[in-house]
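Enquirer: Here you go, sequence then predicted model.
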Amino acid sequence: MNNLLMNVFHKIETLTETKSIFQYSAEVIVSEIVSVIAEPIKKLNLSIIRNSVVIERGKYFVNNDLIVLDEGKLIIEAGVQLFFGKSCGIVVLGSLEVKGNAEDLVVITGDKWKNITFVENSIDIRIKSFLKYVVIHGGNGSSKNPRDEKSYFFEKEKSRGGNIFSKGRNLLLDHVIISNGKAESGGGMFVYKGILEMRNCIVCNNEGVRTGGIEIYNPSFNKNTVSNLSNVVIDGNKSIDSAGGISINKGTIILDKLFVQNNYSEEFCGGMIIRNTSINPLESVNVEFTLLKDSVIMNNSGSTNGGLYCSNCFLIENIFSNNKISNNIARDSNSHDFEHQKFIN
């Protein structure tokens with residue numbers, strides 16, 4: 001594994017409090033990613049995956065979609081690099097297991113390639129996909145839902161989820177770098193419903209019309225489940241209309257040691273937007289909530305809001321009590337670090 005990227009992951013693992021500083025810039029990380037991408041050696045002759053298929057160590061060119069059907073499983077072993085051709089990517093109806101490790105990353109990238117798309121499994125909704133020690137770089141989003149081309153989430157915009165799109169799935173990302181993605185919404189990643197767990201991840205240098213880094217809509221909409229982002233750095237992402245770094249709308253999610261920094265929006269909030277939820281709820285309250293704790297939101301820039309904007313939210317406690325929100329810039333207003341729009345009944 002590249003030494004600098006190994007150090008990057010180690011640094012993320014040790015970000016334990018709001019005093020911690022993540023020292024690697026998005027530009028440095030992306031430069032190292034580009035340096036480890038190698039020319040593919042052979043073509044991967046694989047398309048439809050009906051059972052269990054393993055891609056062994058190697059550098060492959062893929063000139064078609066890899067489609068994992070409902071009962072299928074695609075296993076990608078450590079040391080694999082997949083380089084996709086134009087408008088190609090991975091579509092997961094079944095399950096995907098990416099098994100990189102600290103010594104051998106998996107790299108998924110391409111030339112104007114699409115992304116990794118996860119959609120509902122019609123057989124068993126409990127199926128879990130996971131990606132460990134992976135770089136996903138330079139995707140351009142999905143333009144249609146493989147199950148329903150008339151889906152609302154694909155009618156309104158040309159693309160969602162530059163590198164990852166997930167709808168109604170149980171998904172774990174562990175030591176994953178999501179970089180240089182582009183999409184109309186969620187330049188790095190877009191998640192709708194389902195359960196999302198991210199730990200020790202970096203989302204950097206992505207671009208979206210709405211939300212540059214991660215857009216999460218109604219996570220863990222079943223109140224018996226909770227999504228969780230822990231030790232996640234969201235750095236150097238850009239948007240035109242809305243959140244530069246991350247936006248969350250409804251649902252139930254815990255954000256623990258989230259580092260939202262150096263993100264930019266041309267119009268609205270540079271850092272983070274939270275909408276239509278309770279924030280930091282009392283333990284006994286059985287409601288959808290966003291729990292934000294031990295997190296840092298700093299050095300973000302937006303037109304009317306700099307760091308954190310909350311809309312239609314119940315604030316249960318002072319959001320500054322266990323988070324550091326500072327040094328953000330609202331270029332055309334005084335809402336530099338935080339603005340709360342009162343809950344509307």
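Expert: Great, that's in hand.
Enquirer: from the chain's centre, how far out does the strand or helix carrying Ile254 sit?
Expert: Element membership of Ile254 [criterion: DSSP states H and E] is strand 253-261. Distance of strand 253-261 from its chain centroid, counting by C-alpha atoms, centre = their mean, to the nearest Å, is 12 Å.
Enquirer: What pairs with that strand, parallel or antiparallel?
Expert: If you go by DSSP bridges, strand 253-261 pairs up with strand 227-235 (parallel), strand 289-293 (parallel), strand 295-298 (parallel).
Enquirer: With mean pLDDT and distance to Ile273 as new columns, can those be given to me in a markdown table?
Expert: Just so you know, the C-beta spots here come from the backbone N, C-alpha and C atoms, and that holds for glycine as well. Putting the strands paired with strand 253-261 into a markdown table (pLDDT from 0 to 100; distance: least, C-beta to C-beta, whole Å) gives the following:
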| stretch | mean pLDDT | distance to Ile273 |
| --- | --- | --- |
| strand 227-235 | 96 | 12 |
| strand 289-293 | 92 | 11 |
| strand 295-298 | 95 | 11 |
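Enquirer: Mind listing the residues bridging to Ile246?
Expert: What pairs with Ile246, by the bridge criterion (DSSP bridges), is Ile214, Met272.
Enquirer: and it, how many neighbours?
Expert: Residues lying near Ile246 (other C-beta atoms under 10 Å) number 29.
Enquirer: List the residues that contact it.
Expert: By C-beta atoms under 8 Å, 6 or more residues apart in numbering, the contact list for Ile246 reads 203, 211, 213-216, 234, 258, 260, 271-273.
Enquirer: could you show me where the helices are in the protein, in order?
Expert: 3-13, 26-36, 152-155 (DSSP state H).
Enquirer: so where is the stretch 51-200 of the chain shaky, pLDDT-wise?
Expert: 144-157 (pLDDT under 70).
Enquirer: switch to 90 and redo it
Expert: Across the stretch 51-200 of the chain, the ranges flagged by pLDDT under 90 are 102-103, 120-127, 142-159.
Enquirer: and if you look at the stretch 201-345 of the chain?
Expert: In the stretch 201-345 of the chain, residues with pLDDT under 90: 220-225, 277-289, 313-318, 320-322, 341-345.
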